[in-house]
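Peer 1: Okay, sequence plus prediction incoming.
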Amino acid sequence: MRHVAQKLEDVGPVKSPIIAYLEQLHAKYSTLQDGEVATYIPELSKADPNWFGVSIATTDGYVYEVGDTRQSFTIQSISKPFVYGIALEDRGLDAVLRKIGVEPTGDAFNSISLAPGTGCPFNPMINAGAIAATSLVVGNSSEDKMQRILRVFSAYAGRELSIDTTVYKSEKETGHRNRAIGHMLRNFDILSEDPDLALDLYFQQCSISVDSRDLSIMAATLANGGVNPLTKERAISMDYLENIMSIMTTCGMYDYAGEWMYWIGIPAKSGVAGGIMAVMPGQAGIGVFSPPLDARGNSVRGIEVCKNISRDFNLHCLRVPRSSRSTIRAQYDVSKIRSKRLRNEHDAEILDKSGTRAKVYELNGDLVFSTVEVTIRKIIEVSDAVDIAAIDFKRVTNIEDSSAQLLLDLIKTYGSCEKHILLVNLQERHSAFRRFLEEQLTNNDEEKKWLHVFPDMDLAIEWSENRLIEGKRPGDGSHKSVTLAEHDLCRGLEPEAVTLLETLLTSRRYEPGDLIVRKGEPADEIYLLMSGEVSVRIDLPNGQIKRLSTLSPGMAFGEIAVINSSVRSADVHADKQVECYLLSTAAFEELGETHPMIKMTLLQNLLRNFSRMLTMVEREVTTLAW
């Protein structure tokens, strides 16, 4: 059974920048005509030189693929590290090292070269070492051994693999050089049985049919500590992963191994059918298929693709790593966490229902390929149900150039679907990223229209709320003014009661910037906001000012201090031209004597507003704690 990882391009309307990158890479090298298809095994010569597939599988089970990724071909020498792993599990490290060395040779993959004196193959990646490794697989018969190899390979690939019998027969009929190697190994007692048995098994393992997607998943299994990221099945013991990938790094590319390490620098293995498998430990696996080979037996297009991926995403294993932690610290939507702008009941209901269409992603640590890939994927997965994605960079320590490019691609593709990206809390350490975006988007007003930058998350959430409310209630997302009867505090009052209450109120007007309430002053009035906006603020010890809330028409402020008979706990400033009604403490108390039902209704409405605020706080704490 083939276990299918979700195809991200089918999840929502936004195309993944990773897919877009691979498509560009595929298009770039599709026209490369260098190299020749292998002919020394007759069946391999039938391959179409235009076949070309590229796959990347992540260690959490997602596969990106472009081109001929489902075109089958035989695994050939890419089988060697996997069989070497089986030999290590079956015989143990010491027993295997007595038969097979670990030194690079600089010779071609099919060279007849053994260590002087011992006759040991120099390493398990050349044919001599691979044949020796195959002979060490435990089984009561050749059939048992082959079934064990197939089971293990299938565990790596996440699906049942089989042998291409046509290629197997072709290899067996033309494998004279390998037979010579086998008999030399028997002569030095490296093989303890009839060489033809080991050779036949070796020809079969090289003839296992795979595709580039399989190779990427097999590589991702190695990258994931030996556990298949799709099926969660363990394919190889953790004890031998370092041994396998060390050999792949130093010897996997034959006499190109030195250049591979110099230019690309990740564990890899190639095969003469045109496959290349590369491992990014802890991150992902790469599978490339393109039949034309260079003079050393490596896929020409495959080499170029891997060079680009390694360079573009800084994957060289000797690159000095920065500290890395979990990328997405928290993610939530606006139905769960709101801005400091308090909303009336009608608008709050809109956000309860539509708030899921604006989502926040708080990032953490360094943005390298593996971490930005997860972030982008999470955003794209829900893009059909989300219109606004806010990315918080407050705790991001570094953004690599390749990650900046992927984020730019996300901004462009998100915008092309008329969806907004919000970049929040960009710090001084992110200045290179900001300059990069400005340079890339300077002359494109259409793309810039969908990108918004905010200094803090509260403002970003408020902007998102306004957009969502505006979509349900045309306008700018806010009420301009309310009448006294429409005010939240008067909910449930009869018209006569509203008229009576109005006689007890004093009208007041404030200009933008005016201080309406000062912290520490006696609290002797409740303010009913009729038009404009006010913000409640406090001074922080570091000299900065923190906004606690912003209120719109229909809301009240100053009521808590009045009810508690305490002093004002914060400053209140007018953000716009403001009109208020003031209800004095004396008038409020008088209502209790003359019209107790009116006072009771006012208190009930105040209590309902308190309850709403407490519910929001509880929801926010629960969301962030989770």
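Peer 2: That came through fine. Residues are numbered from 1 along each chain as shown.

Peer 1: how is this protein carved up into domains?
Peer 2: Per automatic domain parsing, the structural domains of the chain span 8-312, 328-472, 488-625.

Peer 1: would you list every one of the helices in the stretch 451-600 of the chain?
Peer 2: For the stretch 451-600 of the chain, applying DSSP state H, counting those that start in this stretch gives helices covering 457-472, 495-503, 559-564, 585-594, 596-625.

Peer 1: Let me know which of those helices is the nearest to Gly355.
Peer 2: Set against Gly355 and scored by CB to CB, those come closest in helix 457-472, at 6.6 Å. Where C-beta positions appear, they are placed from N, C-alpha and C, glycine not excepted.

Peer 1: Which other helices and strands does the closest one contact?
Peer 2: helix 345-354, strand 358-367, strand 388-399, strand 420-424, strand 451-454 (3 or more CB pairs under 8 Å, 6 or more residues apart in numbering; DSSP states H and E).

Peer 1: Comparing these by mean pLDDT, which bottoms out?
Peer 2: Note on those: lowest mean pLDDT is at helix 345-354, with a mean of 90.

Peer 1: That one to strand 358-367, inter-axis angle?
Peer 2: With axes from the mean of the first three to the mean of the last three CA atoms, to 10 degrees applied, the angle from helix 345-354 to strand 358-367 works out at 60 degrees.

Peer 1: related to what we said a few turns ago, wait, which of the helices and strands packed on helix 457-472 is closest to Asn178?
Peer 2: Among the helices and strands packed on helix 457-472, strand 358-367 comes nearest to Asn178, with 46.5 Å by CB to CB.

Peer 1: Now do that closest one: which elements does it pack against?
Peer 2: Judged by 3+ CB pairs under 8 Å, 6+ apart, the packing partners of strand 358-367 are strand 328-333, helix 369-381, strand 388-399, helix 457-472.

Peer 1: Reformat the domains of the chain as CSV; add mean neighbour count and distance to Val482.
Peer 2: Rendered in CSV, the data for the domains of the chain read as follows (neighbours: other CB atoms under 10 Å; distance: least, CB to CB, whole Å):
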stretch, mean neighbour count, distance to Val482
domain 8-312, 21, 39
domain 328-472, 19, 9
domain 488-625, 16, 5
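
Peer 1: surely Glu559 meets Ile526?
Peer 2: Yes. Taking CB atoms under 8 Å as the definition, Glu559 is a contact partner of Ile526 at 4.7 Å.

Peer 1: what ranges do the helices span in the stretch 1-150 of the chain?
Peer 2: Under DSSP H, counting those that start in this stretch, the stretch 1-150 of the chain gives helices at 17-30, 80-91, 93-99, 127-135, 142-157.

Peer 1: which helices and strands sit right next to the helix or strand that comes right after the longest one?
Peer 2: Using DSSP states H and E, the helix or strand that directly follows helix 142-157 along the chain is helix 165-174. The helices and strands touching helix 165-174, judged by 3+ CB pairs under 8 Å, 6+ apart, are helix 195-206.

Peer 1: now the angle from the helix it packs on to helix 142-157?
Peer 2: Using the same axes, to 10 degrees: helix 195-206 against helix 142-157 is 30 degrees.

Peer 1: average pLDDT for helix 195-206?
Peer 2: Mean per-residue pLDDT for helix 195-206: 96.

Peer 1: re earlier: which of the helices of the stretch 451-600 of the chain sits closest to Gly117?
Peer 2: Proximity to Gly117 (CB to CB) singles out helix 596-625 among the helices of the stretch 451-600 of the chain, at 66.2 Å.

Peer 1: Which residue lies nearest the spatial centre of the chain?
Peer 2: Val374 (0.7 Å; CA atoms, centre = their mean).

Peer 1: That one and Asn308: what is the separation?
Peer 2: 21 Å (CB to CB, to the nearest Å).

Peer 1: And the pLDDT for the residue nearest to the centre of the chain?
Peer 2: 91.

Peer 1: Over to Arg608?
Peer 2: Confidence at Arg608, expressed as pLDDT, is 85.

Peer 1: mind checking how far it is from Glu345?
Peer 2: Noted for Arg608: a distance of 9 Å to Glu345, by CB to CB.

Peer 1: before we move on, what about Asn243?
Peer 2: Note on Asn243: its distance to Glu345, by CB to CB, is 65 Å.

Peer 1: what does Glu447 give?
Peer 2: Distance, Glu447 to Glu345, using CB to CB: 38 Å.

Peer 1: quick revisit: residues touching the residue nearest to the centre of the chain, list them.
Peer 2: 58, 60, 327-328 (CB atoms under 8 Å, 6 or more residues apart in numbering).

Peer 1: Repeat that for Glu418.
Peer 2: Residues in contact with Glu418 (CB under 8 Å, 6+ apart) are Trp450.

Peer 1: got a pLDDT number for it?
Peer 2: 93.

Peer 1: for it, helix, strand, or coil?
Peer 2: What DSSP: H, G, I helix; E, B strand; the rest coil gives for Glu418 is coil.

Peer 1: from what I can see Leu529 touches Gly554, true?
Peer 2: Yes. Look at Leu529 against Gly554 with CB under 8 Å: they come within range, at 7.0 Å.

Peer 1: Quick check: which ranges of the protein have low pLDDT?
Peer 2: The chain contains residues with pLDDT under 70 at 1-12, 106-112, 320-326, 474-479, 561-562, 565, 620-621, 623-626.

Peer 1: Would you check how far apart Phe203 and Lys80 are?
Peer 2: With CB to CB as the criterion, Phe203 and Lys80 are 13 Å apart.

Peer 1: er, Leu422 actually
Peer 2: 49 Å.

Peer 1: Name all residues that make contact with the nearest residue to Gln205 once chain neighbours are set aside.
Peer 2: In space, and not counting its chain neighbours, Gln205 is closest to Ser79: 4.6 Å by CB to CB, 6 or more residues apart in numbering. Ser79 sits next to 130, 153, 205-206, 208, 271 when contact means CB under 8 Å, 6+ apart.

Peer 1: of all these, which two lie farthest apart?
Peer 2: Ala130 and Phe153 (14.2 Å).

Peer 1: Name whatever forms a beta bridge with the residue nearest to Gly558 when sequence neighbours are not counted.
Peer 2: Residue nearest to Gly558 in three dimensions, not counting chain neighbours: Tyr527, with 4.8 Å by CB to CB, 6+ apart. Note on Tyr527: beta-bridge partners Phe557, Leu582, judged by DSSP bridges.

Peer 1: Surely Tyr527 and Ile560 touch.
Peer 2: No. Counting by CB under 8 Å, Ile560 is not a contact partner of Tyr527; they are 11.7 Å apart.

Peer 1: sorry, back to before: adding distance to Pro512, write the helices and strands packed on strand 358-367 out as a markdown table.
Peer 2: A markdown table is the format used below for these (distance: least, CB to CB, whole Å):
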| stretch | distance to Pro512 |
| --- | --- |
| strand 328-333 | 32 |
| helix 369-381 | 37 |
| strand 388-399 | 28 |
| helix 457-472 | 18 |
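
Peer 1: Between these, which one is closest to Ser135.
Peer 2: That would be helix 369-381 among the helices and strands packed on strand 358-367, by CB to CB, at 37.7 Å.

Peer 1: Provide the angle between the direction of the closest one and the direction of strand 328-333.
Peer 2: Using the same axes, to 10 degrees: helix 369-381 against strand 328-333 is 10 degrees.

Peer 1: re the thing from before, mind checking which of the helices and strands packed on strand 358-367 is nearest Gly520?
Peer 2: If we rank the helices and strands packed on strand 358-367 by CB to CB, the stretch that ends up nearest is helix 457-472, at 25.1 Å.

Peer 1: outside of the closest one, which residues touch it?
Peer 2: Here helix 457-472 makes contact (CB under 8 Å, 6+ apart) with 334, 337-341, 343, 347, 350-351, 354-355, 357-358, 360, 362, 387-388, 390, 392, 394, 420, 422, 424-425, 452, 454, 476-478, 547, 550.

Peer 1: CA atoms only: put it into PDB for me.
Peer 2: Provided in PDB are the C-alpha atoms of helix 457-472 (Å, rounded to 0.1, in the frame of the first residue of the first chain):
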ATOM      1  CA  MET A 457       0.700  42.200  17.300                       C
ATOM      2  CA  ASP A 458      -2.200  44.000  19.000                       C
ATOM      3  CA  LEU A 459      -2.400  46.600  16.200                       C
ATOM      4  CA  ALA A 460      -2.200  43.800  13.600                       C
ATOM      5  CA  ILE A 461      -5.000  41.900  15.300                       C
ATOM      6  CA  GLU A 462      -7.100  45.100  15.500                       C
ATOM      7  CA  TRP A 463      -6.600  45.700  11.800                       C
ATOM      8  CA  SER A 464      -7.600  42.200  11.100                       C
ATOM      9  CA  GLU A 465     -10.700  42.500  13.200                       C
ATOM     10  CA  ASN A 466     -11.700  45.700  11.300                       C
ATOM     11  CA  ARG A 467     -11.300  43.900   8.000                       C
ATOM     12  CA  LEU A 468     -13.500  41.000   9.200                       C
ATOM     13  CA  ILE A 469     -16.200  43.300  10.600                       C
ATOM     14  CA  GLU A 470     -16.200  45.500   7.600                       C
ATOM     15  CA  GLY A 471     -16.800  42.400   5.400                       C
ATOM     16  CA  LYS A 472     -20.000  41.800   7.400                       C
END
